[in-house]
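Asker: sequence below, structure please.
(one chain, ligands or ions: 1)
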Amino acid sequence: MNFYLEAAKVLDSLDARKGSIKGLLGTVVAKDRKRTAALVIETLKFKSVLTEVISQAKLLKEENKKIKSPNLALLLVHDLLLARGIQAGDGPIKQAILRHRTRLSAELQKIKIKRGVKDAKDLAISGDPRAEHIPRYARVNTLLWNSSDAIDYFLARGFVLSGPFESHTGFGKDAHVPDLLQFAPRTLFHEDDAYLSGKIILQDKASCFPAIVLNPPSTETATVIDATSAPGNKTSHLSALMGGKGTLYAFERDFKRFSTLKHMLSSARCQNVQPVNADFLTIDPSDTRFAGATHILLDPSCSGSGIVNRLDYLVETDAENEIETSDRLNKLAAFQLSMIKHAMKFPAVQRIVYSTCSIHAAENEHVVQQALASDEAVANSFQLAPKEDVLPTWPRRGLPSEMNAPESAESLIRCSPGEDGTNGFFVSCFVKRTKDPTKKRKNTSSENPPRKKKRRQKQ
Ligand SMILES: C[S@@+](CC[C@H](N)C(=O)[O-])C[C@H]1O[C@@H](n2cnc3c(N)ncnc32)[C@H](O)[C@@H]1O
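Answerer: From the prediction side, this is the model:
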């Protein structure tokens, strides 16, 4: 019964909104994780049906002394009616459920008739339909491979260059991101040699935009910062764009995620990356190691509301959740703004990319707006990079109605979950305004030597 009790704890935590399905399953001891995940996910697919069956059969009312947890009842009734039976030794809880077996089966049968289905499996809720419109993306790690060899490799494995939606073996090159391949949405790579050896990195298309927009230098003296790195997809992308040259400092404050980051960097052979287990906000911008950073990537924690996730679709949202979200969003936005403002303090920084996988203006356009108005932006002359420097061929831009200057939304990128063949995403890029060369010319002209004049005025 312990196995069911542990699974019930996961469902309780989900109800209490203590984390995502994936996150909570990650906390289950490794040896039980796979089995628990299967049970929890399958039970969630049938949650509304099982709840109705349990309620109509009056199971919890009649057995309230033996079965105290409604989630435990869901799991046990799931296995009784929809799987191979309850996988636990005999005991009072199992006996309590079995006493109601006939009634529970009858209630399930009634629901099947009502909904016109023959097989109980057809009562399951299906995953997020938007996921079917998002290809499985694989970025070729150019530190180890190239696109042409990758295409030959997949052709030799039976894939066909017909695009990701033609058949389950179709694949193709992405139109916006170099070295990105698109496969059919359900393609599995977990046993593929190219994936296991770090030659391809599974990364959603939109999540490749930040490194491309940051466009880091590829020189031996380059210094670049990824302020929020784990699990390391964008870090490894930056490292590849830098051609493995210069130094890329990869910050990650969470120790567990820092281990994941180090593992990813080692598998992708990112030799120019120095991972740092620290909170970026505590880093002194004048520290000699980091003061020379010219490019900073900021992809901080966000609501994740743009992620099209087959699993989280299984958890219902309600009005109460919406209110909770707005409070959470304000906190996230304040944190995101503090990260941008901190990045703007680095003395040599020229370019800062800020991205989220959120669909909320509160974390996107509004944060950008506040960052532009901040003392840090004004003192260090930051402005939004023009559209032509921010993936100009990408059609979906920021929301004009959410910007003080609506035309500045053209500088921003948005991706709409499912509609654009990606998850929901947002990218912005701040650049340091260069001094106006015409003014410089005037100042140095012999007719108008303002330098001395200015000094005199100051005295
Ligand atoms: C959205 S994830 C980054 C994903 C990553 N860029 C990628 O593409 O794989 C945000 C990460 O930033 C980390 N983080 C949040 N605040 C941080 C801070 N102040 N300093 C360093 N890391 C931070 C979180 O622990 C989390 O791992």
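Asker: only C-alpha atoms for contact and neighbour calcs from this point on.
Answerer: Will do.
Asker: could you export the lengthiest strand in the chain as CSV, CA atoms only?
Answerer: Longest among the strand segments of the chain by residue count, using DSSP state E, is strand 425-432. Extracted in CSV, the C-alpha atoms of strand 425-432 (Å, rounded to 0.1, in the frame of the first residue of the first chain):
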residue,chain,number,x,y,z
PHE,A,425,7.7,32.6,-25.8
PHE,A,426,8.9,36.2,-25.5
VAL,A,427,12.3,37.8,-26.4
SER,A,428,13.6,41.3,-26.0
CYS,A,429,17.0,42.8,-26.5
PHE,A,430,18.5,45.9,-24.9
VAL,A,431,21.5,47.6,-26.5
LYS,A,432,23.7,50.4,-25.2
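Asker: pLDDT on it, on average?
Answerer: Averaging pLDDT along strand 425-432 gives 98.
Asker: again with stretch 234-254
Answerer: Mean pLDDT, stretch 234-254: 98.
Asker: contacts for it?
Answerer: Contact with stretch 234-254 is made by 141-143, 207-208, 210-212, 215-230, 258, 265, 268, 270-280, 290, as judged by C-alpha atoms under 8 Å, 6 or more residues apart in numbering.
Asker: does anything pack onto the longest strand of the chain? Which helices or strands?
Answerer: Applying 3 or more C-alpha pairs under 8 Å, 6 or more residues apart in numbering; DSSP states H and E, we find strand 425-432 packed against helix 209-214, strand 351-356, strand 382-384, strand 413-415.
Asker: which PyMOL command selects the buried ones in the contacts of stretch 234-254?
Answerer: In PyMOL, this line selects whichever of these come out buried by 16 or more other C-alpha atoms under 10 Å:
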select buried, resi 141+142+143+207+208+210+211+212+215+216+217+218+222+223+224+225+226+227+228+229+230+258+265+268+270+271+272+273+275+276+277+278+280+290
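Asker: what about the contacts of stretch 234-254, which are in strands?
Answerer: Judged by DSSP E, the contacts of stretch 234-254 include 223-226, 273-276 as members of strands.
Asker: mind checking which of the helices and strands packed on strand 425-432 is nearest the ligand?
Answerer: Among those, the nearest to the ligand by C-alpha to the nearest ligand atom is strand 351-356 (7.0 Å).
Asker: tell me what angle the closest one forms with strand 425-432.
Answerer: Per axes from the mean of the first three to the mean of the last three C-alpha atoms, to 10 degrees, the angle that strand 351-356 makes with strand 425-432 is 160 degrees.
Asker: list the contacts of strand 351-356.
Answerer: For strand 351-356, contacts defined as C-alpha under 8 Å, 6+ apart pick out 210, 213-214, 294-302, 304, 340, 343-344, 363-364, 425-432.
Asker: tell me the buried residues within those.
Answerer: Buried members of the contacts of strand 351-356, scored by 16+ other C-alpha under 10 Å, are 210, 213-214, 294-300, 302, 340, 343-344, 363-364, 425-432.
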